[in-house]
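Student: how would this look folded up:
(2 chains)
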Amino acid sequence: MLTEEARFQAFMDRINRGEKIEATDWMPEEYRLLLIKLIHMHGVSEIMGAYPEKEWVPKAPTLKRKLAIMAKVQDEVGHGQLLLRVVEDLAAPLNKTREDLIEDIYKNKVKFHNVFHMEARSWADAGLIGWLVDGAAITIQASLLQSSYGPYARVLKRVCAEESFHMKHGESIILALATGTPEQRKMLQEALDYWWESLLFFFGPREITPAVDRMLYYRIRVLTNEELRQKYLDKYVPRIQSLGIKIPDPQLRFDREKNCWVYTDPDWDRFSRMVHFNEGPKSRERVEMRRQAHEDQRWVREALLRARKQAV
Amino acid sequence: MAENKKDFDIFEVFVQETHLDSHIHVGSLVAASPDLAMQMARENFLRRDQAVNLWVVSRSQITATSYESPFFSREMDKTYREVSGYTENGRLWRMFKEKDMDIEEIVAHVREQSNPVAQEEEKPERRESR
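Tutor: Residues are numbered from 1 along each chain as shown, chains lettered A, B, ... in the order given. The predicted model follows:
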């Protein structure tokens, strides 16, 4: 029998050789807990991310736009289901089920991304979410394709394939507005002004927090928050500027000497409170809707289980 | 609450994209019954991709190897079973003024003779997302 230390070392050797870890493999408790925390938050963010966009389904300007945004909402919830499934297998030894993972949302035991606490005020906001919020999410997910945890990396492959549609969908709305009337271009500018800070915050604090440090150690993640934010700015700043809209940060520039983007920090405190205490403009309302959806349908889930027990 | 614990079953989902493909495992889901698992599988995995057949299998019915066992270890060289073990042929054929030939060449040649419409049906367009 291996000693605990040898077991841990063998595990780390596998990670460092670039091997993937599977749900049934032995893993250190810390690795399991970090994965649960990360993927639970990711899955729940997909589900809560459907809310700002679903609000625009009845108000979409054309039938084609309505169908497309509905498809996107459905994808987000689908991604949430795939990701929660990954968490369930990890959390089974802790006796946690889908019920618990969902209830955690309205018991404030799990966070979700800051952007989904915000209000989607206009159709330009809805388009900007599809373009720039999804763009940020895609940047992070693309880096997580290299995660050491096999089941997560596999689900992300499917998620990223569908995100390629989300990318085009968001761009299409934005391009229609950018080539539209002065009023539409104004809407677009207002949307960017409203969302810019929260997009920077989305990637998390500049410093490497202890949890991120451990995730890098286990290769659950391979890039830091700041590296991801920089990669996002590389790809998106020139495209935003090409549309002739103004990024609301006078400090924003590429510093050739330091070889990185310089930007004004978002209001870390404000967004962090939003995420930790559900204090955003739409947090409470959306969390309450999620609670209602879950509680109001409890009888259906219970009836299904009773029907099965009788059949056995 | 306690009743809900571990009650929904886990189903593994297998999709057959075309008649010429085998079923491929795509992921898993939780559902109260196999029928509902089938509905969920279509919603979760086939919103875009085509399929001709779908399996849902209760995870409890699956017997699997361990990722850490030496079950797949290969003690000996198996190139004698593989094309790569016969690279020498090409050089020898050249001695007889002939080129090396592989199976793809025969498959392509046989297809050339057959009805072009039938070929179309056998090889439907695959989605790029995989």
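Student: give me the low-pLDDT residue ranges for chain B?
Tutor: Applying pLDDT under 70 to chain B flags the ranges B:1-6, B:113-130.
Student: Show me how it divides into domains.
Tutor: As given by automatic domain parsing, the domain ranges for chain B are B:7-61, B:76-113.
Student: Export those domains as a markdown table, with columns for mean neighbour count and distance to residue A:223.
Tutor: Glycine gets a C-beta too; all of them are placed from N, C-alpha and C. Shown next, in a markdown table, are the domains of chain B (neighbours: other Cβ atoms under 10 Å in any protein chain shown; distance: least, Cβ to Cβ, whole Å):
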| stretch | mean neighbour count | distance to residue A:223 |
| --- | --- | --- |
| domain B:7-61 | 16 | 25 |
| domain B:76-113 | 10 | 37 |
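Student: Could you work out which of the ones you listed reaches nearest to chain A?
Tutor: domain B:7-61 (3.6 Å; Cβ to the nearest Cβ).
Student: With chain A in mind, check whether the closest one reaches it.
Tutor: Yes - Domain B:7-61 is in contact with chain A by Cβ under 8 Å from any Cβ of the partner chain, via B:7-8, B:10, B:26-30, B:32-33, B:36, B:43-45, B:47-48.
Student: Tell me which stretches of the stretch 1-150 of chain A form helices.
Tutor: For the stretch 1-150 of chain A, applying DSSP state H, counting those that start in this stretch gives helices covering A:4-16, A:29-54, A:63-91, A:98-106, A:123-128, A:134-144, A:150-178.
Student: Check which helices and strands the second one sits against.
Tutor: Read it as helix A:29-54. On a contact count with 3 or more Cβ pairs under 8 Å, 6 or more residues apart in numbering or on different chains; DSSP states H and E, helix A:29-54 meets helix A:63-91, helix A:98-106, helix A:123-128, helix A:210-217, helix A:283-296.
Student: and if we set it to 6 Å?
Tutor: When contacts are defined as 3 or more Cβ pairs under 6 Å, 6 or more residues apart in numbering or on different chains; DSSP states H and E, helix A:29-54 packs onto helix A:63-91.
Student: Only the buried residues of the helix it packs on, if you could.
Tutor: A:65, A:68-69, A:72-73, A:75-88, A:90-91 (16 or more other Cβ atoms under 10 Å in any protein chain shown).
Student: Just want the angle from that helix to helix A:150-178.
Tutor: 160 degrees (axes from the mean of the first three to the mean of the last three Cα atoms, to 10 degrees).
Student: and helix A:63-91, average pLDDT?
Tutor: Rounded to a whole number, the mean pLDDT of helix A:63-91 is 97.
Student: excluding its backbone neighbours, what's nearest residue 65?
Tutor: Picking chain A for this. residue A:173 (7.2 Å; Cβ to Cβ, 6 or more residues apart in numbering or on different chains).
Student: was after chain B, sorry
Tutor: Nearest residue to residue B:65 in three dimensions, chain neighbours excluded: residue B:71, at 4.8 Å (Cβ to Cβ, 6+ apart).
Student: Which phi and psi values does that neighbour adopt?
Tutor: Backbone torsions of residue B:71, given as degrees, to the nearest 10, read phi -50, psi -40.
Student: likewise residue B:78?
Tutor: Per degrees, to the nearest 10, the backbone of residue B:78 is at phi -110, psi 20.
Student: separation between it and residue B:65?
Tutor: 19 Å (Cβ to Cβ, to the nearest Å).
Student: what ranges of chain A fall below the confidence cut-off?
Tutor: A:1, A:312.
Student: Chain B: helices as residue ranges?
Tutor: For chain B, the helices defined by DSSP state H cover B:34-45, B:88-95, B:103-113, B:116-122.
Student: any idea which of the helices of the stretch 1-150 of chain A is most buried?
Tutor: Mean neighbour count (mean count of other Cβ atoms under 10 Å in any protein chain shown) peaks for helix A:123-128 among the helices of the stretch 1-150 of chain A, with a mean of 25.
Student: Among the domains of chain B, which comes closest to residue A:17?
Tutor: For the domains of chain B, the distance to residue A:17 is smallest for domain B:76-113, at 22.7 Å, taking Cβ to Cβ.
Student: Check the spacing between the residue nearest to residue A:93 when sequence neighbours are not counted and residue A:87 real quick.
Tutor: Nearest residue to residue A:93, sequence neighbours excluded (Cβ to Cβ, 6+ apart): residue A:32, at 7.7 Å. According to Cβ to Cβ, residue A:32 and residue A:87 sit 11 Å apart.
Student: I'd like the distance from residue A:29 to chain B, if you could.
Tutor: 18 Å (Cβ to the nearest Cβ, to the nearest Å).
Student: The residue nearest to residue B:65 contacts residue B:64, correct?
Tutor: No - the pair residue B:71 / residue B:64 is not scored as a contact, 10.2 Å apart, by Cβ atoms under 6 Å.
Student: Around chain B, pick out the residues from the stretch 151-300 of chain A.
Tutor: With Cβ under 6 Å from any Cβ of the partner chain as the criterion, the stretch 151-300 of chain A meets chain B at residues residue A:161.
Student: Would you list the phi and psi of residue A:246?
Tutor: phi -100, psi 130.
Student: mind listing what it touches?
Tutor: Under the criterion of Cβ atoms under 6 Å, 6 or more residues apart in numbering or on different chains, residue A:246 has no contact partners.
Student: follow-up on the earlier one: my guess is the residue nearest to residue A:65 contacts residue A:127, does it?
Tutor: Yes - with contact defined as Cβ under 6 Å, residue A:173 and residue A:127 form a contacting pair (3.1 Å).
Student: circling back to that earlier point, quick one: neighbours of the residue nearest to residue B:65, just the number.
Tutor: By other Cβ atoms under 10 Å in any protein chain shown, the residues close to residue B:71 number 8.
Student: Also residue A:279?
Tutor: 14.
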